[in-house]
Structures are given as C-alpha cells and as structure tokens.
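Trainee: with the sequence up front, the predicted model follows.
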Amino acid sequence: MKIDWQALGSVFGVSLVVTVALVALFTLGIMGLSRQERASAAGGSASLAVTGAYACFAACAAAVGYGIYLIVA
C-alpha cells in the first residue's frame, strides 16, 4: 500500500482553512448579537449588526450543509 502524502497534506490544509473560516464566521455572528444586546441596553437599535449576524450564521449553516452533501454524495 502506497500513501499519497501530497494528497493527504492537501486535504489537511483545506480542512484546516475551512475550519478556521467557519470559526471566524461564527465568531462574527456572536459579536453581532452582542452588539445588538449592548445597543438595546443603551436604548438604540442595531439592526445592521443583527442582519450581519444572521448572515454569518446562515453562511455557517450553508457550509456545514455543503460538507454533509459532499460526504453523502
């Protein structure tokens, strides 16, 4: 049995980059929701922050769904 180390390294690199990107997106979503809480406590509105947070969460869900699709297909 011969292991293709270049392909294995490529898969590792791509999975590492995608994992870091998903964590960053999720963190941005959490930050947007926390800004909304701070704005509501101060009596203001942060609809743009909430919209951005929901967009980040939707992108995370889409990426996870696509990953599941790749595994199943």
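Mentor: Done, it's in. What you see is a predicted model; the values in this text were computed from it and never measured. Numbering: from 1, shown residues only.
Trainee: where does the prediction get shaky in this protein?
Mentor: For the chain, no stretch is flagged by pLDDT under 70.
Trainee: can you pull up the most central residue in it?
Mentor: Using Cα atoms, centre = their mean, the residue of the chain that lies closest to the mean C-alpha position is Leu22, 2.8 Å off.
Trainee: so how far is Gly32 from that one?
Mentor: Here Leu22 is placed at a distance of 16 Å from Gly32 (Cβ to Cβ, to the nearest Å). Quick note: C-beta positions are derived from backbone N, CA and C, even for glycine.
Trainee: can you pull out the helices in this structure?
Mentor: Along the chain, the segments classed as helices by DSSP state H run 5-41, 47-72.
Trainee: from the chain's centroid, how far away is the last one?
Mentor: Its chain's C-alpha centre and that of helix 47-72 lie 6 Å apart, by Cα atoms, centre = their mean, to the nearest Å.
Trainee: got the buried residues for it?
Mentor: Of the residues in helix 47-72, those buried by neighbour count under the rule 16 or more other Cβ atoms under 10 Å are 49-50, 52-53, 56-57, 59-60.
Trainee: and these, which two are the farthest apart?
Mentor: Among the buried residues of helix 47-72, the pair separated by the greatest distance (Cβ to Cβ) is Ala49 and Cys60, at 16.6 Å.
Trainee: picking that back up, ok, the residue nearest to the centre of the chain - contacts?
Mentor: Leu22 sits next to 60, 63-64 when contact means Cβ atoms under 8 Å, 6 or more residues apart in numbering.
Trainee: distance to Thr27 added to those, as JSON lines?
Mentor: What follows is those, written out as JSON lines (distance: Cβ to Cβ, whole Å):
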{"residue": "Cys60", "distance to Thr27": "10"}
{"residue": "Ala63", "distance to Thr27": "14"}
{"residue": "Val64", "distance to Thr27": "15"}
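Trainee: for those residues, which one is nearest Leu8?
Mentor: Taking Cβ to Cβ as the measure, Leu8 lies nearest Ala63 of the contacts of Leu22, at 22.3 Å.
Trainee: touching, the closest one and Thr19? I think so.
Mentor: No. Shown here, Ala63 and Thr19 do not form a contact pair, counting by Cβ atoms under 8 Å, at 10.2 Å.
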